[in-house]
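# take a look and give me a structure for this.
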Amino acid sequence: MTALRFSFDPIRSCVWVDARSSLLPIKTQTRGLRGWVDVTLLPDGTVNIDLPVQGRLEISVDRLSSGNHLYDRELKRRIDARKHPLIIGQITGVQGTEVAGRYRVTGDLSFHGETRAFEHEMTIALNGHSTIELKGDRVFDIREFGMKPPSMLMLKVYPEVAVRVELYGSTER
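This is a model prediction of the structure:
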């Protein structure tokens, strides 16, 4: 069996980041993601977890936008977007769970010049050999990546951010 490469659709795929502040919620929705995932399928069309599953996702920090110019500028300053222009996720493994279509995904996340291992559950749905959907969410503490939470005047942003991802990929024809 040969692994299939599914390339993520930068228009349909999206990452949402929700942060809380002392004044109001800060929400971003980012498209323009780039990446791929390699999976081998079983005859029933599900992921063969006995063979390696690998993938990569890149998000340009410049694409992050809450709609508030002041927040966005401060966030990009704190991230040091010129020095660290990409957020990169690497999938290094996938294991099954007790729920059909739900998998435990392991990998590395690189943000703000720091790389941390991660593990979380995602749903993975395949439509034959042509399309794939990966969906998941996780809360990250930005301090684990060496970043101080942004603050301006009376506004304090809390370090925990909720990240939700929906990735839609297709094979090359």
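# going forward, measure contacts between C-alpha atoms and count neighbours the same way
OK.
# by mean pLDDT, flag the weakest helix or strand of the protein.
Across the helices and strands of the chain, mean pLDDT, DSSP states H and E gives its lowest value to strand 151-152, namely a mean of 73.
# helix or strand right after it?
Scanning forward in sequence from strand 151-152 by DSSP states H and E, the next helix or strand is strand 155-171.
# I'd like to know which elements that following strand is packed against.
strand 4-8, strand 14-21, strand 131-141 (3 or more Cα pairs under 8 Å, 6 or more residues apart in numbering; DSSP states H and E).
# if we can go back for a sec, give me the residues contacting the least confident helix or strand of the chain.
residue 157 (Cα atoms under 8 Å, 6 or more residues apart in numbering).
# paired strands for it, with orientation please.
Paired neighbours of strand 151-152 in the sheet (DSSP bridges): strand 155-171 (antiparallel).
# what about the strand it pairs with, average pLDDT?
Across strand 155-171, the average pLDDT comes to 94.
# buried stuff in that strand?
For strand 155-171, the neighbour count (16 or more other Cα atoms under 10 Å) marks 157-161, 163-171 as buried.
# picking that back up, pick the most buried one from the helices and strands packed on strand 155-171.
Comparing these by mean neighbour count (mean count of other Cα atoms under 10 Å), strand 4-8 comes out on top with a mean of 22.
# send me that strand as CSV with only the CA atoms.
Coordinates of each C-alpha in strand 4-8 appear next as CSV, following Å, rounded to 0.1, in the frame of the first residue of the first chain:
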residue,chain,number,x,y,z
LEU,A,4,-1.6,9.2,-0.4
ARG,A,5,-0.7,12.8,-0.2
PHE,A,6,-3.6,15.2,0.5
SER,A,7,-2.7,18.9,0.0
PHE,A,8,-4.7,21.3,2.1
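# and that strand, what does it pack against?
Partner elements for strand 4-8 (3+ Cα pairs under 8 Å, 6+ apart): strand 34-39, strand 155-171.
# residue 105 is nearest to which of these?
The closest of those to residue 105 is strand 34-39. By Cα to Cα, the value is 12.0 Å.
# quickly list what residue 35 is bridged to.
Beta-bridge partners of residue 35, as defined by DSSP bridges: residue 57.
# in contact with the residue lying closest to residue 31 once chain neighbours are set aside, which residues?
Leaving aside its sequence neighbours, residue 31 sits nearest to residue 14 (Cα to Cα, 6 or more residues apart in numbering; 4.8 Å). If a contact means Cα under 8 Å, 6+ apart, then residue 14 has 29, 30, 31, 32, 33, 165, 166, 167 as its contacts.
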